[in-house]
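> any chance you could fold what I've pasted below:
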Amino acid sequence: MTIKVLPGPKGPGLLIRVSEWIGPLPLRQLALLAGVLLAFWFFGSNTLANMQRAGLAPGFSFLSQQANFEIGESLNGYQAGDSYAWALVAGIANTAKVALLGCVLATVLGVVLGTARLAGNPLLSSLIRGYVEILRGTPLLLQLFLWTGLFQSLPAPRNAVTVLDLAFLSNRGIFVPSVTIGGFSALIWLPALVLYVGILVLAARRLFMGRSFYVSKSVAFIGASVCFLLAVLAIFGHAPGIEVPAQGGFNIRGGWSLTPEFAALLAGLTINASATISEIVRSGIQSVQNGQWEAARALGLKPGQIMRLVVLPQALRVITPLMTSSYLDLTKNSSLAVAIGFPDLVSVANTTANTTGQVIEVIALIMVVYLAINLAVSALMNQYNHRIALKGAHPR
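Model prediction:
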């Protein structure tokens, strides 16, 4: 079989493609690129020469050396004498913990405030507006200092403020009930349970997608599977339980304890971000046309059903992209923890840089970690935004 070459103009050659990629004025573009590379080479060689004169070997070999400093709280059980890499892992875990909890709590509080401002009550609307203006008009660092002072001014554990005999507020931290499964804390069983439920969600999509009562069947399937798992654990002596904190001696024992620094950071980030999220929710709800509200009322839907079934699904298309920016801002703002003494990634990295002298390498690690976290959050939110986007709509 012979292939006939049809007559016509040939495609652009290699030189033309390169010139199109470079753009107009190629000589100036190449000169600018050469100048940038020369500047990088000059500063890089100068930095390496200075490090050699100071007796520092460039690279990341210092991560395997022993770190002789303590970290106030860590999720990975770090102790003085462990490696610098393990210390940085503790800082990354603390940053991820406060960012995850902050995003969840700020979302809940922001949605409540945003919808409450539209409830039609002038007094409530004015109070929420003042709340938003104060938080958005003052520096976050100043708010963190305020929350730190408030939590550190709480009474001693002997005179701790008691909330329904379940939670205690003291200058040593906040103690709340915790759930344990098989004697393991939430830090161990909660990630495993989240992974298990995620697998169940994927299985439910494969089993019930396209069938009637898809949501009801999926929820029933996931609930029954979780109950079955808990029953099996109870049979083998690992039944779930609730550990309530109690006053004992000069301290409070049991439950889940939040240090004053962590509580101040979490409260500051959550409340500050909730002000922005409430405005995002309010603007998203107001973006839904009045005709949608009137049509829902004509169908006899109640106000709660109108908001849940008609308004919010349409408002989410406006809310989700802006929520992504709020989550990224909250994650990056968590680096202010260094100012109030919470050992996040930046705090641990600063200590590492001061003790090893590897400042450039440590800063590079900080940049890589925050970039990875932000890209992961952006990818998840973009995936969710793609799912709720209006199908078949023309891009604007």
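
> drop to CA atoms for contacts and neighbour counts, all remaining ones
Fine.

> so the nearest residue to residue 77 once chain neighbours are set aside is in which element?
Nearest non-adjacent residue to residue 77, counting by C-alpha to C-alpha, 6 or more residues apart in numbering: residue 90, 8.0 Å away. Residue 90 belongs to helix 84-117 when assigned by DSSP states H and E.

> what comes up buried for the helix or strand that comes right after that helix?
Using DSSP H and E, the helix or strand that follows helix 84-117 in sequence is helix 122-137. Neighbour-count burial for helix 122-137, counted by 16 or more other C-alpha atoms under 10 Å, picks out 125, 128, 129, 131, 132, 135.

> elements contacting helix 122-137?
helix 84-117, helix 260-286 (3 or more C-alpha pairs under 8 Å, 6 or more residues apart in numbering; DSSP states H and E).

> what comes into contact with it?
The contact list for helix 122-137 (C-alpha atoms under 8 Å, 6 or more residues apart in numbering) reads 113, 116, 117, 118, 119, 271, 272, 275, 276.

> and the average pLDDT for it is what?
Averaged over helix 122-137, pLDDT sits at 90.

> roughly how far is it from the heart of the chain?
Distance of helix 122-137 from its chain centroid, counting by C-alpha atoms, centre = their mean, to the nearest Å, is 25 Å.

> need the helices and strands packed on helix 122-137 in CSV with mean neighbour count, can you?
As requested, the helices and strands packed on helix 122-137 are arranged in CSV below (neighbours: other C-alpha atoms under 10 Å):
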stretch, mean neighbour count
helix 84-117, 21
helix 260-286, 24
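
> and of these, who's closest to residue 366?
Across the helices and strands packed on helix 122-137, residue 366 has its closest neighbour in helix 84-117 (9.3 Å, C-alpha to C-alpha).

> helices or strands next to the closest one in the packing?
So helix 84-117, by 3+ C-alpha pairs under 8 Å, 6+ apart, packs with helix 122-137, helix 260-286, helix 312-333, helix 345-356.

> the second one versus helix 84-117: what angle between them?
With axes from the mean of the first three to the mean of the last three C-alpha atoms, to 10 degrees defining the directions, helix 260-286 sits at 40 degrees from helix 84-117.

> same check, this time on the third one
With the same axes, to 10 degrees applied, the angle from helix 312-333 to helix 84-117 works out at 140 degrees.

> and the closest residue to residue 335 other than its chain neighbours, what does it touch?
Nearest in space to residue 335, with sequence neighbours left out and distances taken as C-alpha to C-alpha, 6+ apart, is residue 346 at 5.9 Å. Residues in contact with residue 346 (C-alpha under 8 Å, 6+ apart) are 91, 335, 337, 338, 366.

> relative to residue 78, how far out is residue 346?
Separation of residue 346 from residue 78 (C-alpha to C-alpha, to the nearest Å): 16 Å.

> ok, residue 101 next?
22 Å.

> check residue 349 too.
Computed as C-alpha to C-alpha, the residue 349 to residue 78 distance reads 14 Å.

> next: residue 289.
Relative to residue 78, and taking C-alpha to C-alpha, residue 289 is found at 54 Å.

> please apply the same query to residue 383.
Separation of residue 383 from residue 78 (C-alpha to C-alpha) stands at 35 Å.

> with residue 317 instead?
43 Å.

> quick one: low-confidence residue ranges for the stretch 1-150 of the chain.
1-15, 18-23, 26 (pLDDT under 70).

> the same query, at a cut-off of 90, please.
Counting by pLDDT under 90, the ranges of the stretch 1-150 of the chain that qualify are 1-34, 40-87, 90, 93, 97, 114-126, 128, 136, 149-150.
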